[in-house]
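S.K.: Pasting the sequence and the predicted coordinates here, then a few questions.
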Amino acid sequence: MAVTLRFYAAARKATGTSEMTLEPSVALHLLDQAVAAHPKLLGVLGQCSFLLNEVALHDFDTQVPDGSTLDVLPPFAGG
Amino acid sequence: MAVTLRFYAAARKATGTSEMTLEPSVALHLLDQAVAAHPKLLGVLGQCSFLLNEVALHDFDTQVPDGSTLDVLPPFAGG
Amino acid sequence: MAKENNNDFMANIASALVTTDVIVVADFAAAVRSNVSGAVVTFSGDVRDNDHGRAVASLEYEAHPTAQSLLEKVAREIAERHEVLSVSVAHRHGPIPIGESALVAVVSAKHRKAAFSACADLVDEVKAQIPIWKHQVFTDGTDEWVNCA
Amino acid sequence: MAKENNNDFMANIASALVTTDVIVVADFAAAVRSNVSGAVVTFSGDVRDNDHGRAVASLEYEAHPTAQSLLEKVAREIAERHEVLSVSVAHRHGPIPIGESALVAVVSAKHRKAAFSACADLVDEVKAQIPIWKHQVFTDGTDEWVNCA
């Protein structure tokens, strides 16, 4: 039973890693655990958007089921 | 003593000539003579702008002095 | 990817590409031209040697795995939203040398106003919608992820 | 032809050309690019094989002798009116084959909005201000001077 958090760009810089593996839980709890493990992530997280299995996630109470990927996306800066 | 009227694009098509030589006079009288000589010009003239020696002419009572050029410019269609 | 246009028989064509290859705006412009189109507007967003007064040494873009499909979606939306004939957009990622294009956007249309509007709208949407990030290294040795405090 | 910019040390550069030669937008775009500019917007107005639903066989532009100096004036005005780095515009006259450019306008700027605004404004001003006329011959043998009833 595991879910994968993936960190991009400034989020990866803040955590020092591109991903973490955690037990399935609600999104908020997963992000709490990520911040606990990597306190610098807190400075970035408020600006981020999130994808649960490549679909936009807005409700942090959503349960992230086994095998899922939760992506942490800092503000876009394309162009 | 002569002035030159030059006709461009649709004005040239209407007169069948690219220029006319006339006695110096006021602009309005010169254009009257051009229409008298080339009646089809009347259908174009109302849409035209005019240059007296390459400067925009707005007052048709302006005297066009000897050696001048009065250009008849149909609506622009560049681009 | 195609729809009936209001004022002609042509279907709109939209293409999109996320790539690590060099992108040259003239190549994309050539692809949207036709004997029917009267106006081609292009945008090239190029890597600058400066940002907010600081000298940039090198620059790299990172693209999320969904960037390609989202870019296709944006291109289709622009083609549907404007009276245009063809829309093409490409975003490069990975390291990009100064002076080369990071983003190219090209639009052909019968009339210029639609071409300008669509191309500007396309670039705005790419910046807003596409998960791509820019990392800058300055000549003083510091670095930043752009838009992230 | 140069002025102090509000937000950088660069002088604006404006160039203009009225010519019977082939004009290729990419050549003009290359001339306005620099490592300082972040955005290049181009417009190409191309000869179409149709106009208002009628098939065009051939097309010719006529330019007044003042066209070159007026085009230079318009280019300078655009460079002064917008926060841009470089402006270049060219209008071809004489016969132009279908598919080739009659007008190219290119603008470089630090920021995209200024580049888009300036390029669109430039094309509008060229159409309004420059004494150039378009003569179309249709495939049915008729012909017209465009914009003239």
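M.R.: Alright, I've got the coordinates. In this text, all values refer to a predicted model and were calculated from it rather than measured experimentally.
S.K.: Which single helix of the chain contains the most residues?
M.R.: Defaulting to chain A. Looking across chain A with DSSP state H, the single longest helix is helix A:27-37.
S.K.: wrong chain, I was asking about chain C
M.R.: Counting residues, the longest helix found in chain C (DSSP H) is helix C:112-129.
S.K.: State the distance from the closest residue to residue A:8 other than its chain neighbours to residue D:140.
M.R.: Nearest residue to residue A:8, sequence neighbours excluded (C-beta to C-beta, 6 or more residues apart in numbering or on different chains): residue A:73, at 5.6 Å. Where C-beta positions appear, they are placed from N, C-alpha and C, glycine not excepted. For residue A:73, the distance to residue D:140 equals 58 Å [C-beta to C-beta, to the nearest Å].
S.K.: and those two? which has more neighbours close in?
M.R.: Using other C-beta atoms under 10 Å in any protein chain shown as the criterion, residue A:73 and residue D:140 rank with residue A:73 on top: 21 against 9.
S.K.: That one and residue A:51 touch, don't they?
M.R.: Yes - the criterion here is C-beta atoms under 8 Å, and residue A:73 meets it with residue A:51 at 6.6 Å.
S.K.: Need the residues touching each of the two.
M.R.: residue C:64 (C-beta atoms under 8 Å, 6 or more residues apart in numbering or on different chains).
S.K.: For residue C:133, which three-state class applies?
M.R.: strand (DSSP: H, G, I helix; E, B strand; the rest coil).
S.K.: cool, residue C:98 as well?
M.R.: Following three-state DSSP, we place residue C:98 in the coil state.
S.K.: What's the separation between it and chain B?
M.R.: Per C-beta to the nearest C-beta, to the nearest Å, residue C:98 is found 34 Å from chain B.
S.K.: Report the contact partners of that residue.
M.R.: Contacts of residue C:98 by C-beta under 8 Å, 6+ apart are C:47, C:48, C:49, C:56, C:58, C:59, D:35.
S.K.: list the contacts for the closest residue to chain B within chain A?
M.R.: Chain B sits closest to residue A:79 of chain A, with a gap of 28.3 Å, by C-beta to the nearest C-beta. Going by C-beta under 8 Å, 6+ apart, residue A:79 touches C:45, C:91, C:102, C:103, C:123, C:126, C:127, C:132, D:112.
S.K.: wait, isn't the first one in contact with residue D:39?
M.R.: It refers to residue C:45. Yes - Residue C:45 lies in contact with residue D:39 (C-beta under 8 Å); the separation is 5.8 Å.
S.K.: which residues are common contacts for these two?
M.R.: Joint contacts of residue C:45 and residue D:39 (C-beta under 8 Å, 6+ apart) are residue D:112.
S.K.: Helices of chain A, residue ranges please.
M.R.: A:9-15, A:27-37, A:42-45.
S.K.: and of the contacts of residue A:79, the nearest to residue A:55?
M.R.: Minimum distance to residue A:55 across those is 18.5 Å, recorded for residue C:132 (C-beta to C-beta).
S.K.: okay, that closest one: pLDDT?
M.R.: pLDDT, residue C:132: 98.
S.K.: Run a quick neighbour tally on residue C:61.
M.R.: What residue C:61 shows, counting by other C-beta under 10 Å, is a neighbour count of 25.
S.K.: Output the below-cut-off pLDDT ranges for the chain.
M.R.: I'll assume chain A. Along chain A, the model assigns pLDDT under 70 to no residue.
S.K.: think we crossed wires, I meant chain C
M.R.: C:1-11, C:149.
S.K.: what are the ranges of the strands in it?
M.R.: All strands of chain C, identified by DSSP state E, fall at C:13-19, C:39-46, C:50-51, C:54-63, C:86-92, C:94-95, C:101-109, C:132-138, C:143-145.
S.K.: CA-only coordinates of the fourth one in PDB, if you can.
M.R.: What follows is strand C:54-63, C-alpha atoms only, in PDB (Å, rounded to 0.1, in the frame of the first residue of the first chain):
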ATOM      1  CA  ARG C  54      20.500  40.700 -13.300                       C
ATOM      2  CA  ALA C  55      22.900  39.000 -15.800                       C
ATOM      3  CA  VAL C  56      21.700  35.500 -16.700                       C
ATOM      4  CA  ALA C  57      24.500  32.900 -17.200                       C
ATOM      5  CA  SER C  58      22.300  29.900 -18.200                       C
ATOM      6  CA  LEU C  59      18.700  28.800 -18.200                       C
ATOM      7  CA  GLU C  60      16.800  25.600 -18.200                       C
ATOM      8  CA  TYR C  61      13.100  24.700 -18.500                       C
ATOM      9  CA  GLU C  62      11.400  21.700 -16.900                       C
ATOM     10  CA  ALA C  63       8.200  20.300 -18.300                       C
END
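S.K.: and residue A:16, what is it in contact with?
M.R.: Neighbours of residue A:16 in contact, by C-beta under 8 Å, 6+ apart: residue A:38.
S.K.: any idea how far it lies from residue C:133?
M.R.: 17 Å.
S.K.: picking up where we left off before, could you identify the buried members of the contacts of residue C:98?
M.R.: Buried subset of those (neighbour count, 16 or more other C-beta atoms under 10 Å in any protein chain shown): C:47, C:48, C:56, C:59.
S.K.: Show me which residues of chain C are close to chain A?
M.R.: With C-beta under 8 Å from any C-beta of the partner chain as the criterion, chain C meets chain A at residues C:45, C:61-62, C:64-66, C:91, C:102-103, C:123, C:126-135, C:145-149.
S.K.: Could you pick out the buried ones from those?
M.R.: Buried by 16+ other C-beta under 10 Å: C:45, C:61-62, C:64, C:66, C:91, C:102-103, C:123, C:126-127, C:129-135, C:145-148, out of the residues of chain C next to chain A.
S.K.: circling back to that earlier point, out of the helices of chain A, which is the most enclosed?
M.R.: helix A:9-15 (a mean of 23; mean count of other C-beta atoms under 10 Å in any protein chain shown).
S.K.: What residues does the closest residue to residue C:26 other than its chain neighbours make contact with?
M.R.: In space, and not counting its chain neighbours, residue C:26 is closest to residue D:26: 3.9 Å by C-beta to C-beta, 6+ apart. Going by C-beta under 8 Å, 6+ apart, residue D:26 touches C:25, C:26, C:29.
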